[in-house]
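**Q** Here is my input, please return the structure:
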Amino acid sequence: MAETAKRIFGIDLGTTYSSIAYVDEFGKAVMIPNAENERVTPSVVFFDEDAVIVGEVAKESAKLYPGDVVSFIKRSMGEPNFLFLHNGESIRAEEISAYILRKLVKDAEHFLSEKVTDVVITCPAYFGINEREATRKAGEIAGLTVRQIINEPTAAAIAYDEFAKSDNGVVLVYDLGGGTFDITMIDIRKDSVEVICTGGDHHLGGKDWDDRISSYLVDVFQNETGTNEDILEDPDTLQDIILSVERAKKNLSQRQNTPISITHAGERIKTLLGREKFEELTADLLDRTIDFTHRMLEEAKEKGYPSFDEFILVGGATRMPMVQERIQKEFSIVPKVFDPDEAVAKGAAIFGWKLMLSNEFSGRLAEKINKPINQLSNISDLIKNKEICLQDVKDAKQQVSEATGCSFLKIETALMRVKNVTSKSFGIVAYNDNDQIIVFNLVLKNTGIPVVKKQKFYTTSDNQHSILIRIMESDTSQVEIPLGLAVDIRTATLSLPPLIPADSAIEVTFVLNEEGRLQISAVETGEGHKIDILVDTASVIQDEDFEKAKSRSQCLVVH
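**A** Residues are numbered from 1 along each chain as shown. The predicted model follows:
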């Protein structure tokens, strides 16, 4: 591969398992096995003195060293109050995730004998600004160039499109992973993948099914032994039960019953867990995913999509028979289980490959016609308006083919447009007509991105010195909402000119890019006082802490 055509790898940074993939010389997405020759790696990190162990060994070490092992870190991404203490150091979620990334990258480099520098990392569609920025920071701490953060269902749809080779169709992607749930409607066409609507909960996943069974087993143990002790407070017992429940859940996907033994404080009991009991204990969790799906379908109808063609299941938790049976009953369609453990990583790799080819093509075409790359966003319109000719386009594609080793036909099909939506609403705190403090949303949930929204607000008093801009994020689709339904993601102060009268206009502009990164400007329209805000959020690791984490990460050996 030419120097200018650097390979971009796809990474599924999952709650319970993570993986990495690339696109080979034939244009096929390929999973890269880890050092243990497994295609997925447990997202578990064990801090072992001056080394970090990631994966199966870390998972097995949780019983002996529970205080040194971190699991399910994805659920803490973007949370300002999460800190893991080790050897007197406070470690943020972004740094812990970076060790998982380093393990994937190290093993991939060893397997391919190739440096891994540029990546596309996936995240749940329902991740907000905080979580997305934290994911990007994790990649940077790991020493990677994060080319894009893309949604997991979108990645799965890209992989499915490559697999199915269908020209058109509306697909529902039901993604139930180890710790997160997304439901997304995607319109797949010959030259584009367009997200219509998305919904979900990044605190709902297979782990919640596990937790229900763990609680049930505590009750069984208490009833049979007569103790009132919460045996999950004992670290050894907790790890035993976690591993037992994980095995039991897998067994119940194939069998009607499975035995489980529990040992605590010298007492041991055996019990039989049936699939029927398992489904009874977790029925409300499945109900929540169905409710999210119905809500998303209603929003899709409002956007002109009253139906769908296929229902695709991805994520390891969709292997549970109760999921497939309930969906078939609820929506009168037989869902397709599509590569549940690998679809997301493969889709991210395909996206990265197409991004690389698209960038190569745009660069060569821009050079050929002497136009800036940013003016080439819609080549069809440029051809239609006779600003460029078809021969220039063909020549640029041929050059990319020669530089990358991809066939001309592959280049043609690779230049696919991916259009996403925002899974959250974004606005600012303001007063409404009744002088009540509310959140006024400029960008509404499920709006197509990129998007630019402008709105004028007004000062409240004469000679006002400044305005506090409180930027808010919420899950609602309404323009005006109570303050309590939103969360602060950033604040900034706009200084105003002296002697400014009340009701002076302040124009606020929200710019949300393709990755869901938010940039805001506020302008006092009289004298032009202005502030620009890139919303990187205060709750994500920053500045000195970021540099310290990056330095520490590079010093520790990852196995």
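
**Q** Quick check, residue 512 in contact with residue 535.
**A** No. Contact criterion C-beta atoms under 8 Å: residue 512 and residue 535 do not qualify, at 9.5 Å. Quick note: C-beta positions are derived from backbone N, CA and C, even for glycine.

**Q** More neighbours: which of the two?
**A** Neighbours were counted for residue 512 and for residue 535 using other C-beta atoms under 10 Å; residue 512 has more, 25 against 20.

**Q** Distance check, the more buried one against residue 421.
**A** 10 Å (C-beta to C-beta, to the nearest Å).

**Q** what is in contact with those two at once?
**A** Residues touching both residue 512 and residue 421 comprise 447, 449, with contact defined as C-beta atoms under 8 Å, 6 or more residues apart in numbering.

**Q** Next up, phi/psi of the closest residue to residue 288 other than its chain neighbours, please.
**A** Excluding its sequence neighbours, the residue lying closest to residue 288 (C-beta to C-beta, 6 or more residues apart in numbering) is residue 204, at 6.1 Å. When quoted as degrees, to the nearest 10, the phi and psi of residue 204 stand at phi -140, psi 120.

**Q** for residue 433, same thing?
**A** The phi/psi pair for residue 433 (degrees, to the nearest 10) reads phi -60, psi -20.

**Q** now swap in residue 420 and tell me
**A** The phi/psi pair for residue 420 (degrees, to the nearest 10) is phi -110, psi 180.

**Q** can you pull the contacts of it?
**A** Applying C-beta under 8 Å, 6+ apart, the residues near residue 420 are 150, 151, 154, 195, 448, 449, 514, 516.

**Q** bridging residues for it?
**A** In this entry, residue 420 is beta-bridged to residue 449, by DSSP bridges.

**Q** Restricted to buried residues, select the contacts of residue 420 in PyMOL.
**A** To isolate the buried members of the contacts of residue 420 in PyMOL, using 16 or more other C-beta atoms under 10 Å:
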select buried, resi 150+151+154+195+449+516
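
**Q** Let's test this: mean pLDDT of stretch 103-121, rounded?
**A** The average pLDDT within stretch 103-121 is 97.

**Q** How many residues are close by the nearest residue to residue 342 once chain neighbours are set aside?
**A** Spatial nearest neighbour of residue 342, chain neighbours left out: residue 31 (5.5 Å); criterion: C-beta to C-beta, 6+ apart. Per other C-beta under 10 Å, the neighbour tally for residue 31 reads 20.

**Q** same thing with residue 456?
**A** When neighbours are defined as other C-beta under 10 Å, residue 456 has 10 of them.

**Q** separation between it and residue 370?
**A** Applying C-beta to C-beta, the value for residue 456 to residue 370 is 39 Å.

**Q** Could you do residue 426 as well?
**A** 38 Å.

**Q** give the contact list for residue 141.
**A** If a contact means C-beta under 8 Å, 6+ apart, then residue 141 has 94, 95, 98, 541, 546, 549, 550, 553 as its contacts.

**Q** Going by distance to residue 279, which of those wins?
**A** Using C-beta to C-beta, residue 94 is the member of these that lies nearest residue 279, at 36.8 Å.

**Q** For the stretch 1-150 of the chain, which segments are assigned as strands?
**A** Per DSSP state E, counting those that start in this stretch, the stretch 1-150 of the chain carries strands over the ranges 8-12, 17-23, 29-31, 41-42, 45-48, 51-54, 69-70, 84-86, 89-91, 118-123, 145-151.

**Q** Present the contacts of residue 420 as TSV; the columns should include pLDDT.
**A** Below are the contacts of residue 420 laid out as TSV (pLDDT from 0 to 100):
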residue	pLDDT
150	94
151	94
154	94
195	94
448	93
449	93
514	84
516	83
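
**Q** tell me the two of the contacts of residue 420 that are most distant?
**A** Farthest pair in those, by C-beta to C-beta: 150 and 448, 15.2 Å.

**Q** Using the record's assignment, carve this protein into domains.
**A** Structural domains annotated on the chain: 206-279, 422-528, as defined by automatic domain parsing.

**Q** What is the least confident helix or strand in the protein?
**A** The least trusted helix or strand in the chain, going by mean pLDDT, DSSP states H and E, turns out to be helix 379-384, with a mean of 61.

**Q** That one: what's the following helix or strand?
**A** Past helix 379-384, further along toward the C-terminus, the next helix or strand under DSSP states H and E is helix 390-404.

**Q** Now that following helix: buried residues?
**A** 392, 393, 396, 397, 399, 400, 401, 403, 404.

**Q** how distant is it from the center of its chain?
**A** How far helix 390-404 lies from its chain's middle: 33 Å, per C-alpha atoms, centre = their mean, to the nearest Å.

**Q** Check stretch 106-126 too.
**A** 15 Å.

**Q** Tell me the buried residues in that stretch?
**A** Buried positions in stretch 106-126, judged by neighbour count with 16+ other C-beta under 10 Å: 106-108, 116, 118-126.

**Q** got the buried residues for the one helix or strand residue 298 maps to?
**A** Per DSSP H and E, residue 298 falls inside helix 275-302. Using 16+ other C-beta under 10 Å as the test for burial, helix 275-302 gives 275, 278-279, 282, 285-286, 289-290, 292-293, 296-297, 299-300.
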